[in-house]
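>>> Curious how this folds, go ahead:
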Amino acid sequence: MDFSSQIVFRTIPLGFAVSGTVGYSHLLWGDPSSKDAFMYGYARGKAKVQSSLFVNSLDLALEVAPIAPLLLVVGHSESHRSKDFSGIDCLNNTCKGRIQRNYFQAAAIYGYGPAFMGGSARITSNNTPGAFKYFYDEAASLIAKSGGDTFREWDAFLGYKIDENQKLGYFANLTEMTGSTESSSTHALFYSYTHGVFNYSGGAGFYQSDLQARSATFFVSAKWVGKKAIGLF
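Residues are numbered from 1 along each chain as shown. Below is the predicted model:
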């Protein structure tokens, strides 16, 4: 069993969220405590609850790692929005109500000495039950096609471990809503510091999308890990 909580703030697109996660892992093969610590596989079920006052969501997922540095995830999430979003045309696009999402994600990480790199690809099918207009998906920060859309997301990062508690690096995030053809991109530098059961992260970079001109963005997060999950992710 593992559990953690996190608080995140971002300037552009403006966002704030508090979340709590609980998971249960089962070792499939190998030994995580061995010298070759990546030579094992595991499965993990998890539930995540997140709130940003006017947006509340529940995410259920199954993670399977055939080998520790490679992770495959299938999941379902539901979010409910109770207020219109600033800067979004909520007259012609649905901003309130429920969004359902089903997703598949593949992620990998590799390290050599103090250096590390990795990335992920995720495909999400989303829809708004009972709504028939184009809708704003706050998870993607993009407008989605009426009746449902497909959201694609790619992440890549590389970094350097300064010591056991400090990391710094660069990451890129590219997104696309295939039905509405809207897209976004983020490029940023980040720094991470771990102290006991707490991790503090921050970074700065540039964000742009079809809804937002290229602008500087800043983000910070604080995470508490009550008990760490098995695996490298």
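>>> Next, the residue most central in space within the chain: phi, psi?
The chain has Ala139 as the residue nearest its centroid, 8.9 Å off, counting by CA atoms, centre = their mean. The phi and psi values for Ala139, taken as degrees, to the nearest 10, are phi -70, psi -30.
>>> count of residues packed around Gly87?
For Gly87, the neighbour count with other CB atoms under 10 Å is 10. C-beta coordinates here come from the backbone N, C-alpha and C atoms, glycine included.
>>> Just the element for Lys133, please.
For Lys133, there is no helix or strand it lies in under DSSP states H and E.
>>> give me every residue that touches Ser79.
Val55, Asn56, Ser57, Leu58, Arg98, Ile99, Arg101, Glu138, Ala139 (CB atoms under 8 Å, 6 or more residues apart in numbering).
>>> Tell me the first helix or strand C-terminal of the helix or strand the fourth one falls within.
To tie it back to what came earlier, the one meant is Leu58. Element membership of Leu58, judged by DSSP H and E, is strand 55-67. Next helix or strand after strand 55-67 toward the C-terminus (DSSP H and E): strand 70-81.
>>> tell me the mean pLDDT for that next one?
Strand 70-81 shows a mean pLDDT of 97 in the predicted model.
>>> please renumber so the chain begins at 35
I'll keep to 35 as the first residue from here, and by that count the last item is strand 104-115.
>>> which residues sit against the helix or strand that comes right after it?
Beyond strand 104-115 in the direction of the C-terminus, DSSP H and E gives the next helix or strand as strand 131-146. The contact list for strand 131-146 (CB under 8 Å, 6+ apart) reads 103-115, 150-165, 169, 171, 173, 195, 266-267.
>>> List buried residues within those.
103-105, 107, 109, 111, 113, 115, 150, 152-154, 156, 158, 160-162, 165, 169, 171, 173, 195, 266-267 (16 or more other CB atoms under 10 Å).
>>> what about stretch 60-75, how long is it end to end?
End-to-end distance of stretch 60-75 (CA to CA, to the nearest Å): 9 Å.
>>> For that stretch, buried residues please.
Using 16+ other CB under 10 Å as the test for burial, stretch 60-75 gives Gly64, Phe72, Tyr74, Gly75.
>>> Surely the second one is in contact with Ala99?
No. The pair Phe72 and Ala99 fails to qualify as a contact (CB atoms under 8 Å) at a distance of 9.7 Å.
>>> what is in contact with the two at once?
With CB under 8 Å, 6+ apart, Phe72 and Ala99 have no common neighbours.
>>> How about Ala178: what's its closest non-neighbour residue?
Closest residue in space to Ala178, ignoring its immediate chain neighbours: Asp171 at 4.9 Å, by CB to CB, 6 or more residues apart in numbering.
>>> Show me where this structure has its strands.
Per DSSP state E, the chain carries strands over the ranges 36-44, 49-64, 74-85, 89-101, 104-115, 131-146, 149-161, 169-171, 176-178, 183-195, 200-211, 216-229, 232-243, 246-261.
>>> I'd like those strands laid out as a markdown table, including distance to Ile122.
Formatted as a markdown table, the strands of the chain follow (distance: least, CB to CB, whole Å):
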| stretch | distance to Ile122 |
| --- | --- |
| strand 36-44 | 16 |
| strand 49-64 | 13 |
| strand 74-85 | 20 |
| strand 89-101 | 13 |
| strand 104-115 | 11 |
| strand 131-146 | 14 |
| strand 149-161 | 16 |
| strand 169-171 | 5 |
| strand 176-178 | 8 |
| strand 183-195 | 16 |
| strand 200-211 | 14 |
| strand 216-229 | 12 |
| strand 232-243 | 12 |
| strand 246-261 | 11 |
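>>> does the residue nearest to Leu106 when sequence neighbours are not counted have beta-bridge partners, and which?
Leaving aside its chain neighbours, Leu106 sits nearest to Val98 (5.0 Å; criterion: CB to CB, 6+ apart). Counting by DSSP bridges, Val98 is bridged to Ala77, Leu106.
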